[in-house]
Each structure stands twice: as structure tokens, then as C-alpha cells.
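starting from these lines, generate the structure:
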Amino acid sequence: MDYTGENIMKTKNNKVVAYNKWGYIFLIPFFVIFFIFQLIPLVNTIYNSFFENYKIGLSQVGPRFVGLGNYVELITKGHLLKYAGNTMIMWLIGFIPQIFISLLLAAWFTDPSLRLKGQRFFKTVIYLPNLIMAAAFSMLFFTLFASGKTAPVNSILLHLNLIKEPIKFFTSVACTRGLVGTMNFLMWFGNTTILLMAGMMGIDQSLFEAAEVDGATSTQIFFKITLPLLRPILVYVLITSLIGGLQMFDVPQILTDGKGGPVESTMTMIMELNVHLYSKNLGLGGALSVILFIVTGILSFLVYKMTMKGQEE
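Now for the predicted structure:
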């Protein structure tokens, strides 16, 4: 028997193994960075959440092990539920118009029968707000809706005789929440439109042609074909938007100068976390971080399961 072939195969296998080693070597920087900047801080945060550890003036209290005491305090004695409610209200104010307008725009842009002109221009324009920093957006709205007579919005309303006195937008709960929701809508509806367009363009066109041959109207095609097939994308948009809503910070932080006014109606969970970290209360800050981490993990699991279920069907 000729062993030359076996020797050649062994040599090739050795070369493949040696070549694959380089792949693992190139993965080392990722794991090092992940371990140092993500895994260690995560474990440290979970560890700190079980201790009473804060400062009063120059005096250090703790660290003293309190078990689940920080979690109990956040839920019972703190304002966690109130701030969670604030976060959800402002997220809904921005998300509801966002999903409807994004669906409408995506349907328009992907409908070949409309033959819309200047599509590239309009697609670029609707996505541009997503590129603007939230801090810049907040400062713009803070200037536009200021309380003085010379503030742009009040000045226009006064010149049109629609109001007699300047409106103090930031002393009204509804106005302040509405402004935060509006900014979130303007910043993210372009991104949502692009995602929905990608989903619609991936639908087999023969389904639409068959429906048209059967006499289905555009409305029937949209609700009976487009929306059901878009479910995985819609679930993804919903859950990722909700996760982003839970992390809402920069817009209300800048718009209300970190106070969450009026009467803490725009105070979010991340703003509360920032208060604990700024005051060096590592115990409560760690507990709140862990709660947000668990909620985000649950939502991520839901989007995975629901998206995979849509693909299986």
C-alpha cells in the first residue's frame, strides 16, 4: 500500500491546523478588551449591589454587606416605579408616531407603482436626524422652547396672536414629556424606516403580483401580506426601541438640567442611576444597574425567540 497519499493528507491537515491558530490569535484582543472593560466591571457592579457603600460628606459608610437590601430599598422606598413609568410614557410618546410614520414611508418608498421621484434625496433627509447628537438636539429644543418673549417658538406664536403671554413649556408636565418624546421620534424614525424598507424589499414580489391578479386592493395587500411577513422586523424594532427607551438619559438630562422637572415627571431610571453614581452611592447604583441589566437581558431574549419563531413559520 502506498502511504504517500496519507502523508500528503497529514501534511495538509497540519497546515490547516497551523493556519487556524492564527484565527484564534486574532480573537485574543477582543477577549482581552471584553474581559477588562466589560466582564470585570459587570461582576464588580453585581458585587457592589449587595453592599451598603456610600459617602455622607467626607465620611465613608461601608462597605457593609446587606444582601438584597439595596434592591428592596429601590423598589419599596425609592422612586424606581415612578421613574420607570416616566420612562415608558416618554418612550410611548415617541414610539407610537415613529412606527406609524415609518411604516407609511417604507410602504411608499418600496411601492414601484407610485414611481416617486427623488427617493434617494428624501431617504437621506429622513435619516439625517439620526446622525445628530442627542445633546445638540436637546440644546436646540431648549433654545426653541424657552420661556421668554424672544424665544423662537413663543415669538412666532405671539406675532401670530395665537397667545397673549409666553408659554412656559418646561413648567408643564405634558409639554416637557411631549418635547422629550418628539425629540426621540425625530431622531429615530429615519432609522426605523430604513429597517422596515429592508424588510419590505425582502418580500417575494410574486406574492404581491398574485394578490393583485386575485383582485386585492393595496390596503388588503398591506394588511394581509406585508404586515404578517414583516413581523420579525417589527418585533426587532419594538424590542430594540424599548431597550433604547429604558436607557433614555441624554435628552431629558440636558433638557431639564438633570433635575427631571417639573416635579420629577421626566426623571428616568438612568438619570436616577447617574444621581447615585454622582453621590458615590455604589450600592444603590449597582443594584439599579443590575435591575436594568436583567430587564434588558429578558427583552433581548424575547426578541430572539419571537424573531426565530417568525423565521420558522
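
where exactly do the helices run in the stretch 201-313 of the chain?
205-213, 218-221, 227-229, 231-246, 250-255, 269-278, 282-312 (DSSP state H, counting those that start in this stretch).

export these to JSON lines and tack on mean pLDDT, distance to Leu128 and mean neighbour count?
For every residue, glycine as well, the C-beta is placed using N, CA and C. Shown next, in JSON lines, are those (pLDDT from 0 to 100; distance: least, C-beta to C-beta, whole Å; neighbours: other C-beta atoms under 10 Å):
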{"stretch": "helix 205-213", "mean pLDDT": "83", "distance to Leu128": "30", "mean neighbour count": "12"}
{"stretch": "helix 218-221", "mean pLDDT": "82", "distance to Leu128": "29", "mean neighbour count": "13"}
{"stretch": "helix 227-229", "mean pLDDT": "87", "distance to Leu128": "27", "mean neighbour count": "14"}
{"stretch": "helix 231-246", "mean pLDDT": "86", "distance to Leu128": "19", "mean neighbour count": "18"}
{"stretch": "helix 250-255", "mean pLDDT": "89", "distance to Leu128": "17", "mean neighbour count": "22"}
{"stretch": "helix 269-278", "mean pLDDT": "87", "distance to Leu128": "26", "mean neighbour count": "19"}
{"stretch": "helix 282-312", "mean pLDDT": "81", "distance to Leu128": "27", "mean neighbour count": "17"}
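
any idea how far the helix or strand harbouring Met187 is from the chain center?
Counting by DSSP states H and E, the element that carries Met187 is helix 173-201. When distances are taken as C-alpha atoms, centre = their mean, to the nearest Å, helix 173-201 is centred 10 Å away from the chain's centroid.

packing partners of that helix?
helix 80-110, helix 119-127, helix 134-144, helix 231-246, helix 250-255 (3 or more C-beta pairs under 8 Å, 6 or more residues apart in numbering; DSSP states H and E).

helix 173-201 and the third one, what's the angle between them?
Put plainly, it is helix 134-144. 140 degrees (axes from the mean of the first three to the mean of the last three C-alpha atoms, to 10 degrees).

what lies in contact with the helix or strand just after helix 134-144?
Moving toward the C-terminus from helix 134-144, the next helix or strand (DSSP H and E) is helix 152-159. Around helix 152-159, the neighbours that count as contacts under C-beta atoms under 8 Å, 6 or more residues apart in numbering are Thr143, Leu144, Phe145, Ala146, Ser147, Gly148, Lys149, Ile163, Lys164, Pro166, Ile167, Phe169.

buried stuff in helix 152-159?
Neighbour-count burial for helix 152-159, counted by 16 or more other C-beta atoms under 10 Å, picks out Asn154, Leu158.

tell me the mean pLDDT for stretch 24-33?
Per-residue pLDDT over stretch 24-33 has a mean of 88.

in TSV, list the helices and strands packed on helix 173-201 along with distance to Met197.
Below are those laid out as TSV (distance: least, C-beta to C-beta, whole Å):
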stretch	distance to Met197
helix 80-110	4
helix 119-127	8
helix 134-144	23
helix 231-246	10
helix 250-255	26
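
so for His276, which of the ones you listed sits nearest?
helix 80-110 (11.2 Å; C-beta to C-beta).

name the residues of that closest one that are buried.
Neighbour-count burial for helix 80-110, counted by 16+ other C-beta under 10 Å, picks out 80, 83-84, 86-91, 93-95, 98-99, 102-103, 105-107, 109-110.

contacts for stretch 199-215?
With contacts defined as C-beta under 8 Å, 6+ apart, stretch 199-215 is touched by Ala106, Ala107, Thr110, Gln220, Ile221, Lys224, Ile225, Thr226, Leu229, Leu230, Pro232, Ile233.

what residues does the residue nearest the centre of the chain make contact with?
By C-alpha atoms, centre = their mean, the chain has its centre lying nearest to Gly244, at 2.0 Å. Neighbour list for Gly244: Trp188 [criterion: C-beta under 8 Å, 6+ apart].

returning to what we had before: ok, which pair from the contacts of helix 152-159 is furthest apart?
Thr143 and Lys164 (22.5 Å).

packing partners of the helix or strand containing Glu52?
Following DSSP H and E, one finds Glu52 within strand 51-56. When contacts are defined as 3+ C-beta pairs under 8 Å, 6+ apart, strand 51-56 sits against strand 59-65, helix 69-72, helix 282-312.

great, nothing more from me.
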